[in-house]
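Colleague: using only what follows, build the 3D model:
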Amino acid sequence: QVQLVESGGGLVQAGGSLRLSCAASASSFSSYSMAWFRQAPGKGRESVAAISGGGSSTYYADSAKGRFTISRDNAKKTLYLQMNSLKPEDTAVYYCAGRAGSWRIDYNRYEYWGQGTQVTVSS
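Modeller: Modelled structure (predicted):
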């Protein structure tokens, strides 16, 4: 069983930055692909970024390319999402998720989820 705990959300002005963290309890964290998803009010859950267990392979949604960076520190069992140039449309609850094997962009392919952290970007 893997437990995930996100932190780092908050209120920020448009153009600002935030760094989200996701601490994992997994004994073999590096064997899990990880991802960030988000869900805005009234919308479905969408993928933001994903990363392989070793960190060599990454994926970004078009909305995140050039602004967000996903990374992980396997020694610290922590996943990160650096978000720069934030826009009001980035406002959502952000979730980290993990799965054994390769990363996927479909949220229903992930077995483990955090509780979410709210990101609010004001205009």
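Colleague: give me the most central residue, the chain.
Modeller: Nearest residue to the geometric centre of the chain (C-alpha atoms, centre = their mean): residue 36, 2.3 Å.
Colleague: tell me the first helix or strand C-terminal of the strand or helix carrying that one.
Modeller: Secondary structure assigned from DSSP states H and E places residue 36 in strand 32-39. The helix or strand immediately downstream of strand 32-39 is strand 45-51, counting by DSSP H and E.
Colleague: give me the pLDDT value at the residue nearest to the centre of the chain.
Modeller: Looking at residue 36, its pLDDT stands at 98.
Colleague: now it: how far from residue 17?
Modeller: Taking C-beta to C-beta, to the nearest Å as the measure, residue 36 falls 15 Å from residue 17. From N, CA and C alone the C-beta is placed, and that goes for glycine too.
Colleague: likewise for residue 54?
Modeller: Here the criterion is C-beta to C-beta. By it, residue 54 lies 26 Å from residue 17.
Colleague: which residues does residue 97 bridge with?
Modeller: Using DSSP bridges, the beta-bridge partners of residue 97 come out as residue 35, residue 113.
Colleague: which residues touch it?
Modeller: For residue 97, the contact set (C-beta atoms under 8 Å, 6 or more residues apart in numbering) comprises 4, 34-37, 107, 110, 112-114.
Colleague: now it: how far from residue 15?
Modeller: Residue 97 is 28 Å from residue 15, by C-beta to C-beta.
Colleague: re earlier: residues contacting the residue nearest to the centre of the chain?
Modeller: Per C-beta under 8 Å, 6+ apart, neighbours of residue 36: 20, 22, 47-50, 70, 79, 81, 94-97.
Colleague: please apply the same query to residue 113.
Modeller: Residue 113 sits next to 4, 95-97 when contact means C-beta under 8 Å, 6+ apart.
Colleague: thinking again about what came up before, report the buried residues of the strand holding residue 36.
Modeller: Buried residues in strand 32-39, counting neighbours by 16 or more other C-beta atoms under 10 Å, are found at 32-38.
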